[in-house]
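Peer 1: Sequence first, predicted model second:
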Protein chains: 2
Amino acid sequence: MQDHAGHTHPHDHNGLLTQLAQAGYRMTPQRAMIVDAIENSHNHISAEEIYSSVVTRYPHVNISTVYRTLDLLKAKGLVTETDLGNGRVSYHPTSKGHHHHLVCHECQAIIDLEESVFIELKSKLKNQYGFMADIEHLAIFGHCSKCIS
Amino acid sequence: MQDHAGHTHPHDHNGLLTQLAQAGYRMTPQRAMIVDAIENSHNHISAEEIYSSVVTRYPHVNISTVYRTLDLLKAKGLVTETDLGNGRVSYHPTSKGHHHHLVCHECQAIIDLEESVFIELKSKLKNQYGFMADIEHLAIFGHCSKCIS
DNA sequence: AGAATTATTGCAACAAGTTGCAATTAATAA
DNA sequence: TTATTAATTGCAACTTGTTGCAATAATTCT
């Protein structure tokens, strides 16, 4: 396995890859590079963007491996998946914190929300329905203040 | 145009088709049958189900027409679109009332919610962000009471 | 009613994401 | 270090949904 470092977190001993390994999953160069692309993305990253990033260093990689690694990370709760309505689903490492978005249907603006906005809803769903809502990275669609006025 | 009736609302003078016509859109047999399938569906219906229903009476129809009609109905606010996480997007006529769902990631159970659950969130988003959220048919994912215990 | 206009449709190609299966390879045992 | 085993990958085929474009047909005008 070649060295895939050179970014902000050279070896990432507490990163996603290590967490996968500790959960009993195998450490493959594909996973290392996929995870590296996700961790070094500034905010959101799509499957295609991850693939593009990996394929330059490892041309053999297939995009289905990217999707399968994302499925694994989702199932382990290590990344969140959000559909921001732009035709490609966005991914974000859970470790970088929860956040949410308002998406304007008219001007496509994306407004960031604090996590606290959904605390009340979450406890309501827990108390009234016994349901533990996975509200970690939600997109709510509608019309922004600019487009209303 | 052949008669496409035979269901609960034989001519549907106040239905989706009439509303489209009043908005200046053309009345085509395809649209009549697509809209008929939606209005006569018991709860949710998918694009494929609409297509299957229409194609038996009108074999020439193409599924892209179904998708385009759904886009139109969505844009006019006449149907709502919800991804219940089962691989196919579900549609529902707005006129039959708003409702929401909790979807269990573990057992795939779908729990129906009253609209009132989101009133508080909606006003919070309006007051704090000036954002009018289109919360008409939401699916919230998480873990149901049975799967937690 | 017949001609003109233009929205709508069917088609085929495309995009995003999923899946079954044989080949590969990381981890483990010998 | 080599052999074993089973997770993982690449590939190709598939599913759901989208889009450009030429042909069709609903509506409007005469």
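Peer 2: Happy to help now that I have it. Numbers count the residues shown, from 1 in each chain, chains lettered A, B, ... in the order given.
Peer 1: residues making contact with the helix or strand containing A:L20?
Peer 2: Per DSSP states H and E: A:L20 is located in helix A:16-22. Contacting residues not belonging to helix A:16-22 are listed as A:12, A:27, A:31-32, A:35-36, A:38-39, A:72-73, A:76, A:78-79, A:93, A:95 [C-beta atoms under 8 Å, 6 or more residues apart in numbering or on different chains]. To be clear about C-beta, it is placed using only N, CA and C from the backbone, and glycine gets the same treatment.
Peer 1: Now intersect those with the strands, please.
Peer 2: Members of the contacts of helix A:16-22 lying in strands (criterion: DSSP state E): A:V79, A:P93.
Peer 1: buried stuff in the helix holding A:L20?
Peer 2: Under the neighbour-count criterion of 16 or more other C-beta atoms under 10 Å in any protein chain shown, helix A:16-22 has A:L16, A:L17, A:Q19, A:L20 buried.
Peer 1: In terms of pLDDT, where does A:S116 sit?
Peer 2: Predicted confidence (pLDDT) at A:S116: the value is 90.
Peer 1: That one: what secondary structure?
Peer 2: What DSSP: H, G, I helix; E, B strand; the rest coil gives for A:S116 is helix.
Peer 1: The longest helix along chain A packs against which elements?
Peer 2: Ranked by residue count, the top helix of chain A under DSSP state H comes out as helix A:63-75. Helix A:63-75 is packed against helix A:16-22, helix A:29-39, helix A:47-55, strand A:79-83, with contacts defined by 3 or more C-beta pairs under 8 Å, 6 or more residues apart in numbering or on different chains; DSSP states H and E.
Peer 1: weakest of these by average pLDDT?
Peer 2: Among the helices and strands packed on helix A:63-75, helix A:16-22 scores lowest, with a mean of 90.
Peer 1: got the CA positions of it in PDB?
Peer 2: Presented in PDB, the C-alpha positions along helix A:16-22 are these (Å, rounded to 0.1, in the frame of the first residue of the first chain):
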ATOM      1  CA  LEU A  16     -12.300   7.100   9.700                       C
ATOM      2  CA  LEU A  17     -10.000   4.500   8.300                       C
ATOM      3  CA  THR A  18      -8.800   3.500  11.800                       C
ATOM      4  CA  GLN A  19     -12.300   3.400  13.100                       C
ATOM      5  CA  LEU A  20     -13.300   1.100  10.300                       C
ATOM      6  CA  ALA A  21     -10.300  -1.100  11.000                       C
ATOM      7  CA  GLN A  22     -11.200  -1.200  14.700                       C
END
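Peer 1: Can you give the distance of that helix from its chain's centre?
Peer 2: Here helix A:16-22 is found 16 Å from its chain centre; the criterion is C-alpha atoms, centre = their mean, to the nearest Å.
Peer 1: does DNA strand C sit close to it?
Peer 2: Yes - counting by C-beta under 7 Å from any atom of the strand, DNA strand C has neighbours in helix A:16-22: A:A21.
Peer 1: ok, now stretch A:135-149?
Peer 2: No - interface with DNA strand C: stretch A:135-149 contributes nothing (C-beta under 7 Å from any atom of the strand), its closest point being 13.1 Å away.
Peer 1: roughly how far apart are A:S90 and DNA strand D?
Peer 2: Separation of A:S90 from DNA strand D (C-beta to the nearest atom of the strand, to the nearest Å) stands at 17 Å.
Peer 1: re earlier: looking at the helices and strands packed on helix A:63-75, which one is packed in the most?
Peer 2: Sort the helices and strands packed on helix A:63-75 by mean neighbour count, taking mean count of other C-beta atoms under 10 Å in any protein chain shown, and helix A:29-39 sits at the top with a mean of 22.
Peer 1: now that helix against strand A:79-83, angle please.
Peer 2: Computed with axes from the mean of the first three to the mean of the last three C-alpha atoms, to 10 degrees, the direction of helix A:29-39 lies at 70 degrees from that of strand A:79-83.
Peer 1: Run the angle between helix A:29-39 and helix A:47-55 for me.
Peer 2: Going by the same axes, to 10 degrees, helix A:29-39 makes 120 degrees with helix A:47-55.
Peer 1: helices or strands up against helix A:29-39?
Peer 2: For helix A:29-39, the elements it packs on are helix A:16-22, helix A:47-55, helix A:63-75, strand A:89-93, judged by 3+ C-beta pairs under 8 Å, 6+ apart.
Peer 1: Low-confidence regions, chain A specifically.
Peer 2: Along chain A, segments meeting pLDDT under 70 span A:1-13.
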